[in-house]
Structures are given as structure tokens and as C-alpha cells.
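Engineer: no sequence for this one, just the structure:
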């Protein structure tokens, strides 16, 4: 397996990522969501030239790198791919001078909550988003 690091997503890789997003989150991911994300960086897990996982992030207004969105194709889960993507992202963040990473989680996605805690993230607060969903804010010092 190979991890690609990109600042722009080619159309074919975006389409493959969108399939994974649909399977993991049961919703569509539109390219427009990528517009205007400062210091955007994508990490893609590739196997046999096919996207099997992804992790996206960008810089928040307060200078913290926000680990925004990620997922692994259900057929490839439980293989450590999410951890490899996170490690690649955090290595890149350190090289860019970031000292902290932030991410949000939801109770429905318990596997990601566990991955975040095992990876050294701390829960720093909770809130309800504009859709009324309860969110957990995680931060990790790099």
C-alpha cells in the first residue's frame, strides 16, 4: 500500500474518494467543499492504483491544522489504514510547522473516536452543530 500526499485532487481520484465517502458516511461529497480551504492537504491510501482510504485537512483560522474528513473503504477496514493516513498527515503537519491538530467526532462513529484517543488526541470540548448534531472536539499536540 502506498500513501499519496496531494494539494490538488485529480478528477479520477476525487471520484474514487467520493465512492468511499458515500459508503462510509451515506452521503455525497461535492468537489465545491474543497474550495477555499487554506493549506489544504489530502492523503490517499492506494492499493493496486485504487483509492482505498483518504484523509483531508486544512488550516483553521487560529493556525491549528484541522483534520477534516477521512474514511476507509469498508472492504479495507480493520487493516490499520486509518492509522497510516493519520500518521502521514501528522508527519506532514510537523514538517509544515504546525504544533497542534484538531478534529471533530460524533458518537455514531465510535471507531474513529477510539482511533483518535489511541492516537494521543485529547477531548477538549463538545458542541452542537448547526444541524443539531452533538460533536466532540479532539486536539493533539505534535
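Structural biologist: Received, thanks. Worth saying up front: this structure is predicted, and the values here are computed from it rather than measured.

Engineer: so how far is the lowest-mean-pLDDT helix or strand in the chain off the chain centroid?
Structural biologist: Sorted by mean pLDDT, DSSP states H and E, the helices and strands of the chain end with helix 110-118, the least confident at a mean of 88. In terms of CA atoms, centre = their mean, to the nearest Å, the centre of helix 110-118 is set 13 Å apart from its chain centre.

Engineer: Equivalent analysis for stretch 63-71, please.
Structural biologist: Put simply, stretch 63-71 sits 6 Å off its chain's centre (CA atoms, centre = their mean).

Engineer: Could I get the average pLDDT for it?
Structural biologist: When pLDDT is averaged along stretch 63-71, the result is 96.

Engineer: Show me what counts as buried in it.
Structural biologist: By neighbour count, and taking 16 or more other CB atoms under 10 Å as the criterion, the buried residues in stretch 63-71 are 65-71. For glycine as for every other residue, the C-beta is placed from the backbone atoms N, C-alpha and C.
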